[in-house]
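Return atomic coordinates for the entry below.
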Amino acid sequence: MTAISEPNETDVIIVGAGLSGLSAAKLLTEQRLNVVVLEARDRVGGRTHTARNDIVEWVDLGGAYVGPTQNHILRLAKELGVQTYKVFSDLKSIQYSKGKQFVYSSQWAKFGLCSPLAWFDITHVMKKMDKMMEQIPREEPWKCQFAQEWDDITLNSYLEKECWTK
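Residues are numbered from 1 along each chain as shown. Modelled structure (predicted):
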């Protein structure tokens, strides 16, 4: 990244060097506009971030998965030389919860739960979310009648409202 030391004339200032900001900058510069991207972090990529260290080969700490119907982001990754890789669904997963490691091969982590009520709660919420997802048009999710309402709620506040257990 380059720091700007002198005042510069620019057409557009983009705040945030996440994928949306970088995509906007790319499209605008292709239209021959002078663009400045401002980013507070010491890296670009926004919520996408893969960490590597001596303990793990890699771990995704943000937006990590792209589905087969997300052609725009797959094309952009290819254009920008972003490495992608297939995720194998037949491997075991590890859930860390309250300092303990739980290895599982099912779709859902065990979360260190023993309470049948907690499992009932999780099952209930997941089924409810599945029904919500059925109402979202895959190709045009913004056309869902609840799009704005559901965009305005965080997962945490949704869980606090819908779950009976902690």
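
Hmm, residue 76 is touching residue 19, no?
Yes - if you go by Cβ atoms under 8 Å, residue 76 and residue 19 touch, sitting 7.4 Å apart. Where C-beta positions appear, they are placed from N, C-alpha and C, glycine not excepted.

Which one of these two is surrounded by more residues?
It is residue 19, of residue 76 and residue 19, that has more neighbours when counted by other Cβ atoms under 10 Å, with 19 against 15.

that's a strand at residue 95, yeah?
Yes - Residue 95: assigned to a strand according to DSSP: H, G, I helix; E, B strand; the rest coil.

buried set for the helix or strand of the chain with the lowest mean pLDDT?
None of the helices or strands of the chain scores lower by mean pLDDT, DSSP states H and E than strand 93-97, at a mean of 71. Residues of strand 93-97 classed as buried by neighbour count (16 or more other Cβ atoms under 10 Å): none.

Show me what that strand packs onto, helices and strands only.
Counting contacts by 3 or more Cβ pairs under 8 Å, 6 or more residues apart in numbering; DSSP states H and E, strand 93-97 packs against strand 100-104.

Now the element after the strand it packs on, going C-ward?
Tracing the chain C-terminally past strand 100-104 and defining elements by DSSP states H and E, one meets helix 116-134 next.

Please save the CA atoms from that next one in PDB.
What follows is helix 116-134, C-alpha atoms only, in PDB (Å, rounded to 0.1, in the frame of the first residue of the first chain):
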ATOM      1  CA  PRO A 116     -31.000 -32.400  25.600                       C
ATOM      2  CA  LEU A 117     -32.800 -29.100  25.800                       C
ATOM      3  CA  ALA A 118     -29.800 -27.300  24.300                       C
ATOM      4  CA  TRP A 119     -29.800 -29.800  21.400                       C
ATOM      5  CA  PHE A 120     -33.500 -29.300  20.900                       C
ATOM      6  CA  ASP A 121     -32.900 -25.600  20.900                       C
ATOM      7  CA  ILE A 122     -30.200 -25.800  18.200                       C
ATOM      8  CA  THR A 123     -32.300 -28.200  16.100                       C
ATOM      9  CA  HIS A 124     -35.300 -25.900  16.400                       C
ATOM     10  CA  VAL A 125     -33.300 -22.700  15.400                       C
ATOM     11  CA  MET A 126     -31.600 -24.500  12.500                       C
ATOM     12  CA  LYS A 127     -34.900 -25.800  11.100                       C
ATOM     13  CA  LYS A 128     -36.400 -22.300  11.400                       C
ATOM     14  CA  MET A 129     -33.400 -20.800   9.600                       C
ATOM     15  CA  ASP A 130     -33.800 -23.500   6.900                       C
ATOM     16  CA  LYS A 131     -37.400 -22.400   6.400                       C
ATOM     17  CA  MET A 132     -36.300 -18.700   6.200                       C
ATOM     18  CA  MET A 133     -33.700 -19.600   3.500                       C
ATOM     19  CA  GLU A 134     -36.400 -21.300   1.400                       C
END
